[in-house]
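In: Got a predicted structure plus its sequence, pasted below:
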Amino acid sequence: MNGYLLWGCALGSALLAEALLARYEVLAYGAGWRAPTTELPAGMPYARGAAPDSPPDAYLVYLDGIGKRRVRDTRDGGQLVKALIAGAPELRVLGQVQPYSPLADPLAERPVWAWLRRRIGLLLFLHNVMQTFVAADHRYRPLYNRAVGSQIATQLRFAGYQPDSGIPVVLLSYSGGAQVATGAVDELHTQLRSPLLLITLGGFHNGANDLTHAEHLHRLTSASDRIERVGTWIFPQRWRLFRRSGWNRADRAGKITVHRLDPATHVGPLSYISREARLPDGRSHLDRTADTVIAIIRDQHSAAAATGDSLP
């Protein structure tokens with residue numbers, strides 16, 4: 001019993017420390033104490049995929065889940081981004097945005113955190129978890145949304161995006177990245193005035209952000225995704241009872257389309273991005289996820305071409 005009590009106290013202290021640190025970063029951004037980082041590591045391009053000398057069909061920004069700690073890393077070693085680039089060479093893809101840092105400061109590259117990572121790796125996980133809840137907190141949400149929305153807009157400009165060009169921007173988000181993606185909509189609309197398409201993959205978000213300026217949101221989900229389902233339970237704005245929430249207004253406006261990726265799970269060997277788990281047609285879960293994302297973007301582009309809207 002004493003052992004459990006000790007672990008409980010240690011975890012509680014860690015959670016409290018993480019909550020305070022997560023709030024500090026967004027407040028430091030708001031007060032102007034520190035400027036967000038804009039430069040990338042030497043040799044890393046601002047985007048991959050379609051060549052920068054001709055307009056791509058769309059710019060895709062990948063906002064990874066809470067495992068994101070560096071500019072280069074993703075939970076699957078970059079396999080989803082690679083699959084999207086290989087399957088849709090007409091896209092320019094950005095994967096460097098730091099969804100859990102209003103200052104765009106990679107967590108694992110901070111000296112103290114690098115030391116902690118080698119000894120208490122769980123703290124990096126808890127840090128990003130807490131950042132997700134700070135981004136969902138009504139007291140900090142507007143400032144957090146502006147910070148990360150500005151970070152995305154800056155990276156898109158460096159990647160060649162021209163405001164008012166009419167080229168769509170696709171925000172593909174995994175897990176907690178959906179909280180950031182839905183929050184960035186207004187800032188991206190203000191800065192870039194671009195057509196915005198949101199695709200959430202096992203999206204964990206509170207449903208409070210306004211989606212008025214998003215063209216559409218495609219929700220990729222699975223009945224076996226327990227983590228996403230928890231998000232629909234714990235955040236009242238996701239309940240149908242709260243009709244005035246951003247999520248429910250978008251749903252009534254017909255802006256949300258659900259795509260089932262059963263039997264994929266949120267994480268683990270059967271996850272959406274698993275290369276080992278196989279479907280009856282022989283594709284891996286990763287292949288199906290990439291195919292679904294690409295099909296959504298191409299359908300949107302074809303529809304825009306047919307109407308003459310949102311095209312360069």
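Out: Here it is on my side, so go on. Residues are numbered from 1 along each chain as shown.

In: Residue 276: how many residues sit nearby?
Out: When neighbours are defined as other C-beta atoms under 10 Å, residue 276 has 10 of them. All C-beta spots, glycine's among them, are computed from the backbone N, C-alpha and C.

In: Skipping adjacent residues, who's closest to it in space?
Out: Spatially, and ignoring its direct neighbours in sequence, residue 276 is nearest to residue 269 (6.1 Å; C-beta to C-beta, 6 or more residues apart in numbering).

In: Can you check what pLDDT the model gives that neighbour?
Out: Listed pLDDT for residue 269 reads 94.

In: any idea how far it is from residue 285?
Out: Distance from residue 269 to residue 285, counting by C-beta to C-beta, to the nearest Å: 9 Å.

In: Tell me the residues that contact both of the two, please.
Out: residue 277 (C-beta atoms under 8 Å, 6 or more residues apart in numbering).

In: Which one's more surrounded, the two?
Out: Higher neighbour count among residue 269 and residue 285: residue 285, with 23 against 10, using other C-beta under 10 Å.

In: Check whether that one really touches residue 267, as I assumed.
Out: No. Contact criterion C-beta atoms under 8 Å: residue 285 and residue 267 do not qualify, at 11.7 Å.

In: quick one: low-confidence ranges for the stretch 201-312 of the chain?
Out: Counting by pLDDT under 70, the ranges of the stretch 201-312 of the chain that qualify are 308-312.

In: residue ranges of the strands in it, please?
Out: Applying DSSP state E, counting those that start in this stretch to the stretch 201-312 of the chain gives strands spanning 216-221, 256-260.

In: try the stretch 51-200 of the chain
Out: With DSSP E, counting those that start in this stretch as the criterion, the stretch 51-200 of the chain has strands at 58-63, 91-94, 169-174, 196-201.

In: Name the strands paired with the third one and say parallel or antiparallel.
Out: Note on strand 169-174: by DSSP bridges, its sheet partners are strand 58-63 (parallel), strand 196-201 (parallel).

In: ok, and what's touching it?
Out: Contacts with strand 169-174, where a contact means C-beta under 8 Å, 6+ apart, come from 58-65, 75, 80, 84, 91, 99, 152, 156, 161, 180-181, 184, 188, 192, 194-203, 272-273, 293, 297.

In: Narrow those residues to those that are buried.
Out: Buried by 16 or more other C-beta atoms under 10 Å: 58-65, 75, 80, 84, 91, 99, 152, 156, 161, 180-181, 184, 188, 192, 194-203, 272-273, 293, 297, out of the contacts of strand 169-174.

In: Report the contact partners of the closest residue to residue 221 other than its chain neighbours.
Out: In space, and not counting its chain neighbours, residue 221 is closest to residue 228: 5.8 Å by C-beta to C-beta, 6+ apart. Going by C-beta under 8 Å, 6+ apart, residue 228 touches 175, 202, 203, 204, 221, 222, 266.

In: Let's have the strands of the stretch 51-200 of the chain in CSV, adding distance to residue 33.
Out: Below are these laid out as CSV (distance: least, C-beta to C-beta, whole Å):
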stretch, distance to residue 33
strand 58-63, 25
strand 91-94, 27
strand 169-174, 28
strand 196-201, 30
